[in-house]
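In: The following comprises the amino acid sequence and a computationally predicted model.
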Amino acid sequence: MTKIVIKNKQIWLNDALFFEDESTDFNTFSKNCFKFLNINYPKFYKMDQQSKLAFLAAEILLNDENTLVEDQDIALVFANKNSSLDSDLKHAESIQSKDEIFPSPAVFVYTLANICLGEVSIRHHLKTENAFFIANNFNENQLTKYANYLIDSHRAKKVVIAWVDFLLGDYEAKMILID
């Protein structure tokens, strides 16, 4: 079982510090991590903050799974507390602006919490089951039961369970690969 935790300018891989950055905001932290990982994926810069958080965690977690070169039977089961509220607030601000007649589709597309599932799926060529739950906290036991059901029922060979939450600069990701 591989586990990633991203919080407070640090990334932990299986309880060992993997990356640390002293930047003061998530946007800079995520860009510095992206560069550290030496990823060539220009779409990263267009993502909302929650999708960037999920993307970075998945890049590290799925590094040894060969998802970029061949299809893998890996399902995604994510959860968080704030849904897509960070993007929702940006969208609400843009449609209330007197200078902006039309809201930005670049912001609007991220007003669904499960968009980060899509970003990870596209990057890693995942065409399997996925689900996104809203909960007060990360219930690893419940998500693991769901993951085991997906594996036992042959809907997936492996499952990524995750807590990916971002709101107003406060962020946390916990991602575990179950097989």
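Out: Nice, thanks for sending it over. What you see is a predicted model; the values in this text were computed from it and never measured.

In: How about whatever helix or strand residue 176 lives in, which residues are buried there?
Out: Under the criterion of DSSP states H and E, residue 176 resides in strand 170-178. By neighbour count on 16 or more other Cβ atoms under 10 Å, the buried set for strand 170-178 is 171-178. Every residue, glycine included, has its C-beta placed from N, CA and C.

In: likewise stretch 141-157?
Out: Neighbour counts using 16+ other Cβ under 10 Å place 143-144, 146-147, 150-151, 156 of stretch 141-157 among the buried residues.

In: quick check, nearest of these to residue 64?
Out: For residue 64, the nearest member of these is residue 156. The distance, counting by Cβ to Cβ, is 17.2 Å.

In: do you know how far the closest residue to the closest one other than its chain neighbours is from residue 153?
Out: Excluding the flanking residues, the one nearest residue 156 by Cβ to Cβ, 6 or more residues apart in numbering is residue 75, at 3.7 Å. As for residue 75, its distance to residue 153 is 11 Å (criterion: Cβ to Cβ, to the nearest Å).

In: Residue 52 too?
Out: Distance check for residue 52 against residue 153: by Cβ to Cβ, it reads 32 Å.

In: What of residue 82?
Out: If you measure residue 82 against residue 153 using Cβ to Cβ, the figure is 30 Å.

In: secondary structure element for residue 166?
Out: strand 158-167.

In: tell me the angle of that strand relative to strand 170-178?
Out: Angular relation of strand 158-167 and strand 170-178 on a 0 to 180 degree scale: 180 degrees, by axes from the mean of the first three to the mean of the last three Cα atoms, to 10 degrees.

In: Return the list of strands paired to strand 158-167, each annotated with direction.
Out: According to DSSP bridges, the neighbouring strands of strand 158-167, each with its direction, are strand 74-80 (parallel), strand 170-178 (antiparallel).
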